[in-house]
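Visitor: Mind folding the following:
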Amino acid sequence: MASEEKSLNFIEQIIEEDLKSGLSQSKLHFRFPPEPNGYLHIGHASAIALNFGLGIDYQSPVNLRFDDTNPEKEEQEFVDAIKKDVEWLGYTWAEERYASDYFQQLYDWAVLLIKKDKAYVDSQSSEEMAIQKGTPSTIGTDSPYRNRSVEENLGLFERMKNGEFEAGTHILRAKIDMKSTNMLMRDPIMYRILHKEHHRTGDAWKIYPMYDWAHGQSDYLEEISHSFCTLEFLPHRELYDWFLDQILEENKLRPKQREFARRNLSHTVVSKRKLQQLVKEKHVNGWDDPRMSTISGLRRRGFTAASLRNFANTTGIAKRDNLINISVLEFCIREDLNKIAPRVMAVLDPVKVVITNYPEGKEEWLEAENNQEDDNAGFRKVPFSSELYIEREDFLEEAPAKFFRLTLGKEVRLKNAYIIKGESVIKDTEGNITEIHVTYDTDSLSGSGTEASQRKVSGTLHWVSISHAIEAEVRMYDRLFTDEAPDSYKDKNFLDFVNPKSLEVITGFVEPSLATAQNEDKFQFQRLGYFTVDKDSTPSKLVFNKTVGLKDAWEEKGKKEENSINNSLKDINKYFKVETKPERIAIESAIGESIKNVSSFSLLQNSLKKNINNNKGSLLFAQFILKYSNWKSTDFEEDDIKKLYTMSLRSESTYVRSKALLNLRDIEDLSLRNQFEDDILKLYSNPPKNASERENEILAEMVKK
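Guide: Residues are numbered from 1 along each chain as shown. Below is the predicted model:
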């Protein structure tokens, strides 16, 4: 590694410095240590890429170690899923290890600490211990059991091991420092009693080691040189080193813990607890639901191992936690699938097209290129006939000038086929178009070399021949959460942001070449996006998952919503300039409609926050957000809402005051409204000179209530 001409990240710099300081490269040894209490997610994929990538770069072994110290939450199902994910990502571990392999050694070392008077059995309740432990701003106090004799501690600990006590009656704690500024050093728990069967050791053990006691010692036993953890384990490093100090033998490799930033992904969650909640409460259909941020979910959605590895390399290693936009991940999969996915034709919202001058009963098998990005992808045959399906949105009976698809009286090309011209339509009794009748140019076949085939037309459409098309179930997946950071709001439940439109199941039609498609086969549905065959697919019923669109629709939507907010802010000034009530109602209605269509809570919250100032237009716009958005006042930050109402009720504008009063009148949180009772009474008893008749009516109504 050191000889390569490349920029090193700070993790690689740590290793290089250790090598320069005398650590033999043969001693380098890494590990990926998941707890088998759930499925791995995209954050784990980055950690896997880091540790196994270091193993590849330094030609050093990497262990897959399961930190299986909590039988209440861990299952063999999760062990199997984790192994499958790591293998699928393309990595091979040197040894498969388990913390449970070391239960006896960890117990023996715990006995050693008791004998050194470095550990003791505590018999307090968890509530008593929480009080005794203190807070970050107050020192802790010694447990009443801290000075038990070594003999009594040894006896109690053995009886704990033998299962003589109920869970919660005793724990083993390290004796460190109850005054430490690091709360983790205030006599941390080493063992607790659990009468639970372990997925590997069965009922052999009645006590189980805590993560902090097991993790560093497992690293030591496996001779791991560098133990890389995410930033939340930074405070644990001091304890990691203290435990090692107690058992370290001379001339044995001492592991080094260092931390890197967790990768958080927008519009999703990467907490196992929250992912499990989504599964248990059936917001999704299992751990491998294609909307989940789990590796198995992403794989089922259609993401490739190469795209996840590329994502990890693209985002890199950082020292601070950051929120990475999911569009980066989607870019990585588009880039990969663009190279490898065959192009096929599918119609997902079909309308029938009849070519009136095409010979009845005739069919042709036309040549179509499989992937223009791959010279070796070759060609396939697609059937063509007089009756086709095209996308309903690709036709307008009366189209604007810049509509470059099919309309009456204009020509378009059918992909790999002929130029057609819209002639007429057939509608049902409700006015819906059921058939589009067209004519085709017989000499315009793509690739035929004729003059007509080289004629330029305004657009190209994809299609499928009705008589040859295969019906398929298509699952149109979207982002699971409407907000970019659903679990970042202290007063809101992340489930409030679940996207009700994250899955739409439709019936579409695909070309016959897909009849033999297998699970996880990937395709580009031309002009629509990338799709993957789902595991639910059968020979008699094809099922496809939408992996990603050809373009970032959410980025476009985000820009559109942001522009909508900005334009509404510009329009707000007109509200104060018009002279009639109907004009003001029209302006408010238009702004209100724009606000209703904004799905991003963070955009609305930031807009509200920015507009709490002494400008009357800003205050009025903030009041419109409260009135017209799909969120309640209590969903926004309490301090912001209080400040907004205080400034609005004292505004120079009767329109601002009136909107604030109306919002307060209709507010569900009566305690918030009551806080402004004095302001309301003051306005009522001493109305401002410019108070409108409407403002006085609202005040009278509120005071009488």
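Visitor: helix, strand or coil for the residue nearest the centre of the chain?
Guide: In the chain, the C-alpha nearest the mean C-alpha coordinate belongs to Thr268, at 2.0 Å (Cα atoms, centre = their mean). Here Thr268 is recorded as coil under DSSP: H, G, I helix; E, B strand; the rest coil.
Visitor: Can you tell me how far it is from Asn310?
Guide: For Thr268, the distance to Asn310 under the criterion Cβ to Cβ, to the nearest Å works out to 18 Å. The way it works is simple: take the backbone N, C-alpha and C, and place the C-beta from them, glycine included.
Visitor: What's the mean pLDDT across the top helix by length along the chain?
Guide: If each helix of the chain is counted by residues according to DSSP state H, the longest one is helix 553-577. Model confidence over helix 553-577, given as mean pLDDT, is 82.
Visitor: which other helices and strands contact the very next helix or strand once past it?
Guide: As assigned by DSSP states H and E, the chain's next helix or strand after helix 553-577 is helix 581-596. Counting contacts by 3 or more Cβ pairs under 8 Å, 6 or more residues apart in numbering; DSSP states H and E, helix 581-596 is packed against helix 553-577, helix 616-628.
Visitor: As CSV, those with mean neighbour count and distance to Pro61 would be great.
Guide: As requested, the helices and strands packed on helix 581-596 are arranged in CSV below (neighbours: other Cβ atoms under 10 Å; distance: least, Cβ to Cβ, whole Å):
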stretch, mean neighbour count, distance to Pro61
helix 553-577, 15, 41
helix 616-628, 23, 57
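Visitor: Of all the ones you listed, which one comes closest to Pro486?
Guide: In terms of Cβ to Cβ, the element of the helices and strands packed on helix 581-596 nearest to Pro486 is helix 553-577, at 14.3 Å.
Visitor: Now do the strands in the stretch 1-150 of the chain.
Guide: For the stretch 1-150 of the chain, the strands identified by DSSP state E, counting those that start in this stretch occupy 30-32, 62-66, 96-98, 119-122, in order along the chain.
Visitor: In JSON lines: those strands, plus mean neighbour count, mean pLDDT and distance to Arg186.
Guide: As requested, these are arranged in JSON lines below (neighbours: other Cβ atoms under 10 Å; pLDDT from 0 to 100; distance: least, Cβ to Cβ, whole Å):
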{"stretch": "strand 30-32", "mean neighbour count": "24", "mean pLDDT": "98", "distance to Arg186": "28"}
{"stretch": "strand 62-66", "mean neighbour count": "24", "mean pLDDT": "98", "distance to Arg186": "28"}
{"stretch": "strand 96-98", "mean neighbour count": "17", "mean pLDDT": "98", "distance to Arg186": "29"}
{"stretch": "strand 119-122", "mean neighbour count": "24", "mean pLDDT": "98", "distance to Arg186": "12"}
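Visitor: Leu278 is nearest to which of those?
Guide: Closest to Leu278 of those is strand 62-66 (Cβ to Cβ; 23.2 Å).
Visitor: Parallel or antiparallel, which strands does that closest one pair with?
Guide: Based on DSSP bridges, the strands next to strand 62-66 in the sheet, each with its direction, are strand 30-32 (parallel), strand 96-98 (parallel).
Visitor: where's it relative to the chain centroid, distance-wise?
Guide: Averaging C-alpha positions (Cα atoms, centre = their mean, to the nearest Å) puts strand 62-66 26 Å from its chain's average.
Visitor: go on, stretch 616-628?
Guide: Distance of stretch 616-628 from its chain centroid, counting by Cα atoms, centre = their mean, is 31 Å.
Visitor: which one of the strands of the stretch 1-150 of the chain lies closest to Tyr211?
Guide: Ranking those by proximity to Tyr211 (Cβ to Cβ) places strand 62-66 first, at 12.2 Å.
Visitor: Show me what the closest one is in contact with.
Guide: The contact list for strand 62-66 (Cβ atoms under 8 Å, 6 or more residues apart in numbering) reads 29-36, 51-52, 54-55, 79, 82-83, 86, 91, 93-100, 218, 222, 224.
Visitor: List buried residues within the residues you listed.
Guide: Buried members of these, counted by 16 or more other Cβ atoms under 10 Å: 29-36, 51-52, 54-55, 79, 82-83, 86, 91, 93, 97-100, 218, 222, 224.
Visitor: For Ser3, report the pLDDT, please.
Guide: Model confidence at Ser3, given as pLDDT, is 44.
Visitor: Please read the previous query as pertaining to Ser594.
Guide: pLDDT recorded at Ser594 is 90.
Visitor: Any idea which of the helices and strands packed on helix 581-596 gets closest to Val354?
Guide: Val354 lies closest, by Cβ to Cβ, to one member of the helices and strands packed on helix 581-596: helix 553-577, at 31.9 Å.
Visitor: which ones are touching Leu253?
Guide: If a contact means Cβ under 8 Å, 6+ apart, then Leu253 has 27, 220, 223, 225 as its contacts.
Visitor: Inside helices: which ones of these?
Guide: Tyr220.
Visitor: Show me the two of the contacts of Leu253 that sit farthest apart.
Guide: Distances among the contacts of Leu253 were taken as Cβ to Cβ; the most separated pair is Lys27 and Tyr220, at 13.3 Å.
Visitor: just checking, Gly422 is part of a helix?
Guide: No: looking at Gly422 with three-state DSSP, it is strand, so not inside a helix.
Visitor: can you pull the buried residues of stretch 214-226?
Guide: Applying a neighbour-count criterion of 16+ other Cβ under 10 Å, one finds 214-222, 224-226 buried in stretch 214-226.
Visitor: need these in TSV with pLDDT and distance to Asn606, can you?
Guide: Conversion of the buried residues of stretch 214-226 to TSV gives the following (pLDDT from 0 to 100; distance: Cβ to Cβ, whole Å):
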residue	pLDDT	distance to Asn606
Ala214	97	43
His215	96	40
Gly216	97	42
Gln217	98	47
Ser218	98	45
Asp219	98	43
Tyr220	98	48
Leu221	98	50
Glu222	98	47
Ile224	98	44
Ser225	98	45
His226	97	40
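Visitor: Ser458: which of the residues you listed is nearest?
Guide: Within those, distances to Ser458 taken as Cβ to Cβ reach their minimum at His226, with 60.3 Å.
Visitor: my guess is the closest one meets Glu16, correct?
Guide: No: counting by Cβ atoms under 8 Å, His226 sits too far from Glu16 to count as a contact (11.5 Å).
Visitor: Low-confidence stretches in the stretch 501-650 of the chain?
Guide: Segments of the stretch 501-650 of the chain classed as low confidence (criterion: pLDDT under 70) are 553-555.
Visitor: Could you do the chain as well?
Guide: By pLDDT under 70, the low-scoring segments of the chain are 1-6, 553-555, 705.
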